[in-house]
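*Asks:* Next come a sequence and a model predicted from it.
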Amino acid sequence: LPKSAKKVEQPSKKTATRGPPNRYKLEAELKTKNQLLETAKQQLHSRLAGAQGTIKELKEENEGLVREVEKLKKFQETCMVILESRNIDPVTGSNILEEEEKTEECRKQTTLLTEKLIEELRQFNETAAQEKEALQ
């Protein structure tokens, strides 16, 4: 609002003594200012109503999004249960049981090869010891 619309002029003693024409002029000015204030008030009310409508729409949208998030969380939990029941790693997508079996098979093969190598080294050591005795 313009500053002039906010201030209400107080009639001075001089204007009150001058007579009715000035009084009518002051009343007309006050009516004009009052109309400006009423217009500003109506504009503020319409803005307020618009803002309240926007707030209501945003709240409804937020509630819808919250419901959707809850549905997605439930769906995610269901998917995780399915993956766990099938022994599937949710990150890599590979079968956990298959990976464990492969790891176990590799461990067994390594153990067997190590034992075989140790046995061959013992035999080599014995043979070397026998040949050493024979040479001496």
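*Replies:* Done, it's in.

*Asks:* Using the record's domain definitions, break the protein down for me.
*Replies:* Using the TED database, the domain ranges for the chain come out as 23-88, 92-135.

*Asks:* Make TSV from these and add mean pLDDT and mean neighbour count to it.
*Replies:* No exception for glycine: its C-beta is placed from N, CA and C like everyone else's. Below are the domains of the chain laid out as TSV (pLDDT from 0 to 100; neighbours: other CB atoms under 10 Å):
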stretch	mean pLDDT	mean neighbour count
domain 23-88	92	11
domain 92-135	89	10
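
*Asks:* which residues in this protein form helices?
*Replies:* Here the chain has its helices, by DSSP state H, at 3-6, 13-18, 20-85, 96-135.

*Asks:* quick one, the longest one and helix 96-135 angle?
*Replies:* Computed with axes from the mean of the first three to the mean of the last three CA atoms, to 10 degrees, the direction of helix 20-85 lies at 40 degrees from that of helix 96-135.

*Asks:* same for helix 20-85, what does it pack against?
*Replies:* Helices and strands touching helix 20-85, as assessed by 3 or more CB pairs under 8 Å, 6 or more residues apart in numbering; DSSP states H and E, comprise helix 3-6, helix 13-18.

*Asks:* can you list contacts of stretch 59-75?
*Replies:* The set of residues external to stretch 59-75 that reach it, using CB atoms under 8 Å, 6 or more residues apart in numbering, is empty.

*Asks:* In CSV, please show the C-alpha coordinates belonging to it.
*Replies:* Provided in CSV are the C-alpha atoms of stretch 59-75 (Å, rounded to 0.1, in the frame of the first residue of the first chain):
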residue,chain,number,x,y,z
LYS,A,59,-0.4,-31.6,1.6
GLU,A,60,-2.5,-33.9,-0.5
GLU,A,61,0.4,-34.5,-2.9
ASN,A,62,2.7,-35.2,0.1
GLU,A,63,0.2,-37.7,1.6
GLY,A,64,0.1,-39.5,-1.8
LEU,A,65,3.8,-39.7,-2.0
VAL,A,66,4.1,-41.0,1.5
ARG,A,67,1.6,-43.7,0.7
GLU,A,68,3.6,-44.6,-2.5
VAL,A,69,6.8,-44.7,-0.5
GLU,A,70,5.2,-47.1,2.0
LYS,A,71,4.0,-49.4,-0.9
LEU,A,72,7.5,-49.4,-2.3
LYS,A,73,9.1,-50.2,1.0
LYS,A,74,6.7,-53.2,1.4
PHE,A,75,7.5,-54.3,-2.2
